[in-house]
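K.L.:
Here's a sequence, model it:
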Amino acid sequence: MEEKRNKEFQRNKDLENFLKEINEDLLIAEKEQLKKQMKEYPVILVVGALRSGTTLLTQWLANTKQFAYATNVLSRFYETPIIGAKIQRLLFDEKYNFRNEILNFSTKVDYISENGKTKGALAPNEFWYFWRRFFKYENSDIDYMPDDELEKVFDNDVFYKELMGVANVFEKPIVLKAMIANYNIEFLDKILNKVIFIHVKRNPYTNIASILEARKRQYGDINKWYSFRIPEINELLNIHNPIEQIAGQVYYNNRAISKALVNISEERKIEIQYEDFCENPLKVYNDLKEKLKIQGCPISEKYCGELRFELTRKNIDSNIIESYRRFMKRIDKNSLE
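P.N.:
A predicted model of the protein is given here:
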């Protein structure tokens with residue numbers, strides 16, 4: 001059962017019902033798009049623990065102008081993303097401008113978000129409803145299915161064709177936040193011909209502090225579970241110290257991703273420390289550029305983005321440090337048993 005959110009984070013039911021109607025109206029046209037011949041582009045999937053910097057990284061990639069990505073506009077076409085991509089280009093792309101009759105929208109992506117939610121028509125979106133079309137969790141208590149069970153319900157063909165369709169509309173590789181797939185990375189690796197997983201890891205102390213604040217914003221209560229209900233949720237809910245519980249969220253998400261990436265070939269993955277990325281975004285850009293070249297999709301543009309990002313969390317509460325250490329002692333103890 002979903003926890004009750006603070007008012008500003010509650011869903012707009014009128015919007016959701018209207019979007020469902022619009023997507024249903026466009027379905028026939030979307031299915032026709034899937035029949036078309038498409039060029040193959042790499043898919044870049046950003047994974048990581050909640051509040052680890054995945055949103056900032058995606059905003060940064062969007063601002064390079066080298067990638068297609070799920071925007072707040074595109075997210076409204078979660079069942080018809082190819083049609084949605086075409087509508088977005090029609091409205092926002094300078095190529096289709098006519099005397100500035102509607103081109104008064106900013107295409108610059110601000111580095112601002114609230115619990116992963118961005119503002120602005122072309123700001124990156126988590127594309128949650130799109131992902132949930134394919135990750136059809138049968139167990140209402142957790143947001144997870146083992147790969148062998150997921151394979152039975154996952155529509156590989158439509159998933160792949162829709163991503164390629166969006167990439168073809170924008171004529172660029174496509175970037176998506178993919179935290180929903182933290183525990184199914186190897187499954188996606190098998191069904192995507194060209195893919196690069198970017199794993200963002202953050203200092204665990206600042207990561208925990210950020211999640212604590214997110215719980216307060218979302219629910220007004222640091223004891224309420226926030227984000228995906230991972231396979232270890234029942235174990236963690238038995239930990240009554242919320243900080244220690246959050247330490248477990250961070251640990252288990254990163255453990256699942258790291259274990260999976262061991263089995264992924266080098267040209268299909270990048271592992272970055274959030275703090276290192278903030279200090280030197282250019283290095284990450286060059287690493288990604290090299291991986292894309294290997295996959296037959298070179299980027300010719302020189303980097304002209306941010307030179308660095310300011311780290312905002314410098315003073316960490318001692319309770320966070322102590323709680324994290326207590327949780328890690330639990331892990332060490334369990335590994336010895």
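
K.L.:
buried stuff in stretch 181-201?
P.N.:
Within stretch 181-201, the residues that count as buried by 16 or more other Cβ atoms under 10 Å are 181-185, 187-189, 192, 194-201. For every residue, glycine as well, the C-beta is placed using N, CA and C.

K.L.:
avg pLDDT for that stretch?
P.N.:
For stretch 181-201, mean pLDDT rounds to 98.

K.L.:
tell me how far that stretch is from the chain's mean position?
P.N.:
Relative to the centre of its chain, stretch 181-201 is centred 12 Å away, using Cα atoms, centre = their mean, to the nearest Å.

K.L.:
outside of stretch 236-253, which residues touch it?
P.N.:
48-50, 52, 179, 182, 204, 207-208, 211-212, 215, 222-223, 225, 227, 230-232, 235, 319-320, 323-324, 326-328, 331 (Cβ atoms under 8 Å, 6 or more residues apart in numbering).

K.L.:
ok, now stretch 199-206?
P.N.:
For stretch 199-206, the surrounding residues in contact (Cβ under 8 Å, 6+ apart) are 46-49, 51-54, 57, 210, 247, 250-251, 254, 257-258, 261, 269-275, 277, 311, 313, 316, 320-321, 324.

K.L.:
likewise stretch 209-221?
P.N.:
For stretch 209-221, contacts defined as Cβ under 8 Å, 6+ apart pick out 3-6, 9, 50-51, 114-115, 202, 222-224, 226-227, 242-243, 246, 249-250, 313, 316-317, 320.

K.L.:
Can you show me the CA trace of that stretch as CSV?
P.N.:
Presented in CSV, the C-alpha positions along stretch 209-221 are these (Å, rounded to 0.1, in the frame of the first residue of the first chain):
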residue,chain,number,x,y,z
ALA,A,209,21.3,12.6,4.3
SER,A,210,19.6,13.3,0.9
ILE,A,211,17.1,10.4,1.3
LEU,A,212,16.2,11.6,4.8
GLU,A,213,15.3,15.0,3.4
ALA,A,214,13.4,13.4,0.5
ARG,A,215,11.3,11.4,3.0
LYS,A,216,10.5,14.6,4.9
ARG,A,217,9.4,16.4,1.7
GLN,A,218,7.4,13.5,0.3
TYR,A,219,5.6,12.3,3.4
GLY,A,220,6.5,14.7,6.3
ASP,A,221,7.9,11.7,8.1
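
K.L.:
In it, which residues are buried?
P.N.:
Within stretch 209-221, judged by 16+ other Cβ under 10 Å, the buried ones are 209-212, 214-215, 218-219.

K.L.:
now that stretch: mean pLDDT?
P.N.:
For stretch 209-221, the per-residue pLDDT averages 94.

K.L.:
mind checking how far it is from the chain centre?
P.N.:
Relative to its chain's centre, stretch 209-221 lies at 19 Å (Cα atoms, centre = their mean).

K.L.:
okay, the most centrally placed residue in the chain: pLDDT?
P.N.:
The residue lying closest to the centre of the chain (Cα atoms, centre = their mean) is residue 177, at 1.8 Å. With respect to pLDDT, residue 177 scores 97.
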